[in-house]
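>>> Here's a sequence, model it:
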Amino acid sequence: MSNTTWQQLSVLRCRDVAAVEQCLQAQGALSISLEDAADQALLEPDPGQHPLWSQTRVSALFVADHDLHSTRAMLQQLGVEAADMVTGAVPDQDWIRAWMQHYRPLQCGRLHICPSHLHAPGADDAVVIRLDPGLAFGTGTHPTTQLCLQWLEQADLSGKVVIDYGCGSGILAIAAARLGAELVYAVDHDAQAVQATRANARNNQVEQTVQAGLTIELRPPPADIVIANIIARPLITLKSTLLGSLLPHGDLVLSGILSPQADVVAASYLPEMRRQQQWQMDDWICMQLVGN
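So this is what the prediction gives:
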């Protein structure tokens, strides 16, 4: 473990985020993070928009010997009040080891999402997926992913072809393969997600079943099941793509939908599809659509 100590400077209530960010970058910040300073929810932005909270906290990390006094002075010239700036030391640590100490296996029926450093459950019917945090989204802890895992766990996947659209870490593709799918296509627009999916598929001995690729390169044939755990607006935009990837009478499973958005998403797939079932966890909805 490193003994390095970093310095952090935070602007608690930032009025001009862009100007403060630019100043911190010019001062040599190693990283800059933006956080909500007033418990204000932000849902999906329109395309091309990047909204921030009305009260935003901006935090920057600097090397241990950085002169924070000069940085504070520069920020005050931008109108940041001295009372709105706080500084402190951030000791370095082994972040992976810290994660390992707190993460516990996740169970969805027979499915057990288990990090590599922990023993797998001993139940005879347990289907274990080994997954550690990485560059791509998806370790199973988010409600949208858990809802999809629950659907996969109860579905009859034997001999089925599945498409995981927006595969992230590959958790859903791997789950489908481990639950009996004959072939799974995992596609994503992010090259890091494709790389993570391939690595995780190898670690779970399903690399022959899971074929991962970029959306612009991998063109899978129509599948029995298409599952897309994204967010509502892209799910609506991608209607023709997702329907074109589905065999007649196939199952379309959509997740990443906030409860107030569920009816809008379902209606956007009319008249071709209708909502068969839906499940909710916290504020999130997962729905199964079938052909009319």
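
>>> For Asp263, give me phi and psi.
phi -70, psi -40 (degrees, to the nearest 10).

>>> what's the neighbour count on it?
By the measure other CB atoms under 10 Å, the count of residues near Asp263 is 12. (Glycine included, C-beta is placed from N, CA and C.)

>>> Check the spacing between it and Cys23 real quick.
45 Å (CB to CB, to the nearest Å).

>>> hey, which strand is longest across the protein?
Counting by DSSP state E, the longest strand found in the chain is strand 246-258.

>>> what inclination does the helix or strand containing Val226 have with respect to strand 246-258?
In this assignment (DSSP states H and E), Val226 forms part of strand 223-229. Angle, strand 223-229 to strand 246-258, by axes from the mean of the first three to the mean of the last three CA atoms, to 10 degrees: 10 degrees.

>>> any residues touching whichever helix or strand comes after strand 223-229, and which ones?
Downstream of strand 223-229, the next assigned helix or strand under DSSP H and E is helix 232-237. Applying CB atoms under 8 Å, 6 or more residues apart in numbering, the external contacts of helix 232-237 come out as 44, 47, 166, 228, 242, 254, 256-258, 261, 264-265, 268.

>>> Centre of the chain to helix 232-237, how far?
Centroid separation between helix 232-237 and its chain, computed with CA atoms, centre = their mean, to the nearest Å, is 16 Å.

>>> tell me the average confidence for that helix?
Helix 232-237 carries an average pLDDT of 91.

>>> coming back round to it: tell me which of the contacts of helix 232-237 is nearest to Val58?
Distance to Val58 across these (CB to CB) is lowest for Glu44, with 22.7 Å.

>>> Now do the same for the closest one: its pLDDT.
In this model, Glu44 carries a pLDDT of 45.

>>> Let me know the next secondary structure element after the helix-or-strand element of the chain with minimal mean pLDDT.
In the chain, the helix or strand scored least confidently by mean pLDDT, DSSP states H and E is helix 95-102, which has a mean of 50. Following helix 95-102 in sequence order, the next helix or strand is strand 106-108 (DSSP H and E).

>>> Who are the packing partners of that following strand?
Here strand 106-108 touches strand 111-114, helix 143-154, going by 3 or more CB pairs under 8 Å, 6 or more residues apart in numbering; DSSP states H and E.

>>> Let me have the ones you listed in a markdown table, adding distance to Asp190 and mean neighbour count as columns.
Putting the helices and strands packed on strand 106-108 into a markdown table (distance: least, CB to CB, whole Å; neighbours: other CB atoms under 10 Å) gives the following:
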| stretch | distance to Asp190 | mean neighbour count |
| --- | --- | --- |
| strand 111-114 | 21 | 22 |
| helix 143-154 | 16 | 22 |
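
>>> between those, which gets nearest to Arg275?
So among the helices and strands packed on strand 106-108, helix 143-154 is nearest, using CB to CB, at 13.5 Å.

>>> what residues are up against the nearest residue to Leu147 once chain neighbours are set aside?
Closest residue in space to Leu147, ignoring its immediate chain neighbours: Cys286 at 3.5 Å, by CB to CB, 6 or more residues apart in numbering. Shown in contact with Cys286 (CB under 8 Å, 6+ apart): 144, 147-148, 150-151, 229, 253-255, 257, 278-280.

>>> now Ala175
Ala175 neighbours (CB under 8 Å, 6+ apart): Leu111, Val127, Ile129, Leu149, Leu152, Glu153.

>>> one more time with 10 Å
108, 111, 113, 127, 129, 131, 140, 145, 148-149, 151-153, 157, 162, 164, 181, 184, 204, 206, 227 (CB atoms under 10 Å, 6 or more residues apart in numbering).

>>> element containing it, please.
Ala175 belongs to helix 171-178, assigned by DSSP H and E.

>>> SS state for the residue nearest to Leu147?
strand (DSSP: H, G, I helix; E, B strand; the rest coil).

>>> Pairing-wise in the sheet, spell out the partners of it.
Here Cys286 sits in beta bridges with Ser255, Trp279, as judged by DSSP bridges.

>>> from memory Asp173 sits against Ala186, does it?
For the record, residue 173 is Ala, not Asp. Yes - the criterion here is CB atoms under 10 Å, and Ala173 meets it with Ala186 at 3.8 Å.

>>> thinking again about what came up before, for the longest strand of the chain, what is the distance to the chain centroid?
Using CA atoms, centre = their mean, the offset of strand 246-258 from its chain centre is 19 Å.

>>> Buried residues of that strand, list them for me.
Neighbour counts over strand 246-258 (16 or more other CB atoms under 10 Å) mark Leu246, Gly250, Asp251, Leu252, Val253, Leu254, Ser255, Gly256, Ile257, Leu258 as buried.
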